[in-house]
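K.L.:
Make a model of this:
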Amino acid sequence: MSSPKTPSIANLSRRRFLQGAAATTGGLVLGFYLPGRKTAYADTQSETGRLNGYVQIDPQGGVTVTLVHAEMGQGVHTSLPMIVAEELEADWQTIKVIKAPGEKPGPIAGAASGTGGSRSIRGQFDVLSQVGASAREMLCQAAANSWGIPLVDCIARNGTVQAGDKIAPYGDLAVAAALLAVPENVVLKAREDWTLMGQPTKRLDARIKVTGEAVFGVDVVLDDMLVGTVQQCPVWGGTLTSVDPAPAMAVSGVETVLTTDTSIIVIGSGYWPAKKGLEALSPDWDFGEGVANNSQIVSQKLDEVLNGKSVLVTDEGNVAQANKFVSNSLEATYEVPFLHQATMEPMNATAWVHDGKIEVWAPVQSAGRERFTIAEEFGVSEDDVTVHVTFLGGGFGRRSSIDFIRPAIIASKQTDRPVKVIWSREEDMAHGLMRPVAKGRFKAGLNGPGQLVSWDSRLAVPSISQQLAPERVSNGFDPVSVYGADDLPYNIPHKRLRYAMPDMGVPLGFWRSVPHSYTAFFVESFLDEVAHKTKTDPFVLREQLLAGKGRQLLLLERLKHESDWTQKAEKGHFRGMAFHECFGSMIGQVLELSLQDDTAFRIERVTAVVDCGAAINPLTIEAQIEGGIIYALTAAMFGRIDVAEGRAVQQNFDTYEMVKMGQVPPVDVHILENGPIGGIGEPGVPPLAPALTSALYAATGIRHRKLPLIDAGLTLLGRPYSH
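P.N.:
Predicted coordinates for the structure are as follows:
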């Protein structure tokens, strides 16, 4: 495959020449920017800012892909290199992955450099394809020049360039290729010509994680490093009045006790001495007005704003007029609690403040944003801040804030030594950034079976953006809060959505699938209620409302088939289904359960069909959907953070319960590829809760509109053990 525009070395600019000369010891190096512009790696001082990744082919033929995106278990350090390797025609066995260099700061702040929102593949597919194809063309041109033949006669294949009986491995061509101009136009492979992408591919990081070689944030060790832990005022918004450090200093291994306006940091030779030292203290706190806050007040505020003034978000057709002519109506209200991300790796960061510079080693999702925020908060140039991104032991949105990095920087600054600060589980759950509570009221105007004429909805949700990105909020409206409810895929002639934004006095943050975790529960649960009210099969109702939308209908048809929906369920088994679109993908799930009695049930299986446009690595997709379902099942059954006396009630896994292995059902994942590339890390979460509650309604006739289900007295049974 060749480019329509043949690269030429006839008119090398000085910059290109320097690039080639610099590359003679390192082979071919191509860098790229997140916006999609590619350039030579040597061109780091151009007006476009720093490179955030590059591909290097060394003289030995090894291929190294450097990525800005964090690996937090979602598999991007395999799927993203697959894109490069596909276009490069590389030998997959030669691929290595490293994280983007933290020592090259620049104007990549905010979402562009973050890992979240299921953006990695969506955001990087085009640029990684281009850089892989460009490198391939340059290698082919180098071979053509060496052999004195036309470029069109050269074919790249499995890490070599071939022409007739001639063959040259990439390593032999890398230095010569580095002297060539980067081609302006390259031809990318058609999807049907992919040989690596679309194939189930084992993860590149699996071995080092199994052997323990992988370095997570909590594994970081630096010379002369101290280890600390932190305690903040138990009440959100409270401050520290005073503390006597003597009891902590009496603990063997404790080095010092530091304080801020709101926290205490105890530093020692290791985590255990620091923890014991912190436990020995008896601080005096000023709890402030926040101490009066509790779950009852939160619930009352939700009701007040749900019934009060609101912002009109969507208004299509004429809901009020349409409702005058409907023959029937339906109304329901749904509610979900605060949730914590509960990452397995404790929150931690290591900092070293020296020579006017700040270096951080941490499991962060947004290195660019953290760099910018650290520089601003601690009064240094962004050029003097380096964030080294480690592996993440789970993210789910929790690691996209500076809050867990701040204590380590403060500690290092005060001690003039590298300091790792590890948060206890209790401290993280007490001071994490919660998924907001949310309440929604829905009204439908109906005219006979399947005739959904009007849809009138109202949401009350505290704003994550108000706390983390206030520029997104305008006139009392946070668009992030209503994603999944504001642009329904269903053809309903008259639709209206109103939104109210209460302030709950609770720190908020991102949580896997963010607003879709509650809007899908609200919307799909209510649609199931409409189906039962109109005596319409839930699939049939959705097919009617999605008439003319081929991609959605194909997914529903596949889901119906794979779940055996049209076949009578086994005696004592009951099914529920849900469909949702988010993060550029669409997904449907059918959950089948069996009852032991009216309050105890077992989930027999979950069938999921996802259309993410293109399956780069099917193994990653399956794992992400399975993981999303387990995560969502935990939340639907057990997840809640209650508020009492201005603080979180649940503070460890004894009260913030997780689904156990024996309770996890078999999950069948089926992949469709009928559209543009979508995200996959989060879409598995939203449909689970409505599919579960719909199946419970089919089984018991009781409609559960409030989560978690354990509060309704329900018990999730484990599966019988079998060898």
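
K.L.:
Check the residue sitting furthest away from the middle of the chain and give its pLDDT.
P.N.:
Relative to the C-alpha centroid of the chain, counting by C-alpha atoms, centre = their mean, G148 is the outermost residue, at 49.5 Å. Note for G148: predicted pLDDT of 97.

K.L.:
ok, now how distant is it from L139?
P.N.:
According to C-beta to C-beta, to the nearest Å, G148 and L139 sit 16 Å apart. Where C-beta positions appear, they are placed from N, C-alpha and C, glycine not excepted.

K.L.:
With D244 instead?
P.N.:
Taken as C-beta to C-beta, the span from D244 to L139 is 68 Å.

K.L.:
Repeat that for S585.
P.N.:
To L139, S585 is 34 Å away according to C-beta to C-beta.

K.L.:
Neighbour count for the two, which is higher?
P.N.:
L139 (30 against 25; other C-beta atoms under 10 Å).

K.L.:
ok, now which ones touch the more buried one?
P.N.:
Neighbouring residues of L139 by C-beta atoms under 8 Å, 6 or more residues apart in numbering: L28, I57, A156, V161, Y170, L173, A174, A177.

K.L.:
contacting residues around the fifth one?
P.N.:
Meaning Y170. Applying C-beta under 8 Å, 6+ apart to Y170 gives the contacts I57, G61, V63, A90, L139, G159, T160, V161.

K.L.:
Now compare those residues and name the two farthest from each other.
P.N.:
V63 and V161 (14.2 Å; C-beta to C-beta).

K.L.:
Mind checking which of the contacts of Y170 are in helices?
P.N.:
In helices, defined here by DSSP state H, the members of the contacts of Y170 are L139.

K.L.:
quick check, nearest of the contacts of Y170 to V182?
P.N.:
The nearest member of the contacts of Y170 to V182, counting by C-beta to C-beta, is L139 at 12.2 Å.

K.L.:
Show me the domain layout of this structure.
P.N.:
14-211, 217-287+347-422, 296-338+434-716 (automatic domain parsing).

K.L.:
Including distance to D428, could those domains go into a markdown table?
P.N.:
Below are the domains of the chain laid out as a markdown table (distance: least, C-beta to C-beta, whole Å):
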| stretch | distance to D428 |
| --- | --- |
| domain 14-211 | 16 |
| domain 217-287+347-422 | 5 |
| domain 296-338+434-716 | 9 |
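
K.L.:
which stretch in those domains is the model least sure about?
P.N.:
With a mean of 80, domain 14-211 has the lowest mean pLDDT of those.

K.L.:
in stretch 134-147, what counts as buried?
P.N.:
S134, A135, R136, E137, M138, L139, C140, Q141, A142, A143, A144, N145 (16 or more other C-beta atoms under 10 Å).

K.L.:
Could you look up the SS state of the third one?
P.N.:
The one in question is R136. Using DSSP: H, G, I helix; E, B strand; the rest coil, the structure places R136 in helix.

K.L.:
contacting residues for it?
P.N.:
Taking C-beta under 8 Å, 6+ apart, one finds M1, E87, L88, E89, A156, V186 in contact with R136.

K.L.:
Name the member of these with the most neighbours.
P.N.:
L88 (29 neighbours).

K.L.:
give me every residue that touches that one.
P.N.:
V55, V63, G132, A133, A135, R136, A156.

K.L.:
Could you check how far the closest residue to K276 other than its chain neighbours is from S282?
P.N.:
Excluding the flanking residues, the one nearest K276 by C-beta to C-beta, 6 or more residues apart in numbering is V251, at 5.1 Å. V251 sits 14 Å away from S282, going by C-beta to C-beta.

K.L.:
Looking at the two, which has the bigger crowd around it?
P.N.:
V251 (19 against 7).

K.L.:
ok, A163 touching A143?
P.N.:
Yes. Using C-beta atoms under 8 Å, A163 is in contact with A143, at 6.9 Å.

K.L.:
residues contacting the residue lying closest to G440 once chain neighbours are set aside?
P.N.:
Take G440 and drop its neighbours on the chain: the residue closest to it by C-beta to C-beta, 6+ apart is F522, 4.1 Å away. The contact partners of F522, taken as C-beta under 8 Å, 6+ apart, are Y334, A438, G440, F442, S457, L459, A485.

K.L.:
thought T94 was touching V63?
P.N.:
Yes. Between T94 and V63 there is a contact under C-beta under 8 Å: 5.0 Å.

K.L.:
what do these two both touch?
P.N.:
In contact with both T94 and V63: G159, using C-beta under 8 Å, 6+ apart.

K.L.:
The two - which one has more neighbours?
P.N.:
Neighbour count, other C-beta under 10 Å: between T94 and V63, V63 has more, with 28 against 19.

K.L.:
What's opposite that one in the beta bridge?
P.N.:
I57, I95 (DSSP bridges).

K.L.:
Report the separation between it and E71.
P.N.:
V63 sits 18 Å away from E71, going by C-beta to C-beta.

K.L.:
next one: A695
P.N.:
Counting by C-beta to C-beta, the gap from A695 to E71 is 35 Å.

K.L.:
Same question for L330.
P.N.:
Between L330 and E71 the computed distance is 46 Å (C-beta to C-beta).

K.L.:
These two - which one has more neighbours?
P.N.:
The residue with more neighbours, out of L330 and E71, is E71; 26 against 16, by other C-beta under 10 Å.

K.L.:
about what we covered before: you'd agree the residue nearest to G440 is in a helix?
P.N.:
Yes. Judged by three-state DSSP, F522 forms part of a helix.

K.L.:
just checking, L196 touches E86?
P.N.:
Yes. Judged on C-beta under 8 Å, L196 makes contact with E86 at a distance of 4.7 Å.

K.L.:
the more surrounded of these two?
P.N.:
Set L196 next to E86 and count neighbours by other C-beta under 10 Å: E86 wins out with 25 against 20.

K.L.:
what's the helix or strand for that one?
P.N.:
Element membership for E86 (DSSP states H and E) is helix 76-88.

K.L.:
and the gap between I603 and L709?
P.N.:
Using C-beta to C-beta, we find I603 at a distance of 12 Å from L709.

K.L.:
residues shared between the contacts of the two?
P.N.:
Here I603 and L709 have L692, L716 as joint contacts, going by C-beta under 8 Å, 6+ apart.

K.L.:
Please identify which of the two sits among more neighbours.
P.N.:
I603 (25 against 22).

K.L.:
did I read that right, that one in a strand?
P.N.:
Yes. Counting by three-state DSSP, I603 is found in a strand.

K.L.:
Give me the distance between it and V235.
P.N.:
Applying C-beta to C-beta to I603 and V235 gives a distance of 38 Å.

K.L.:
Next: T64.
P.N.:
Counting by C-beta to C-beta, the separation of T64 from V235 is 49 Å.

K.L.:
neighbour-wise, which of these two wins?
P.N.:
Shown here are T64 and V235; by other C-beta under 10 Å, V235 has more neighbours (21 against 18).

K.L.:
Quick check: that one touching N294?
P.N.:
No. Shown here, V235 and N294 do not form a contact pair, counting by C-beta under 8 Å, at 11.4 Å.

K.L.:
Would you mind listing the residues touching both of the two?
P.N.:
Residues within reach of V235 and of N294 at once, by C-beta under 8 Å, 6+ apart, are E645, G646.

K.L.:
Touching both of A163 and A143, which residues are there?
P.N.:
Contacts common to A163 and A143, judged by C-beta under 8 Å, 6+ apart, are C154.

K.L.:
Can you give me the distance of I410 to R136?
P.N.:
48 Å.

K.L.:
swap that for F579, please
P.N.:
For F579, the distance to R136 - C-beta to C-beta - is 40 Å.

K.L.:
just A181 next, same as before
P.N.:
From A181 over to R136 (counting by C-beta to C-beta), the distance is 15 Å.
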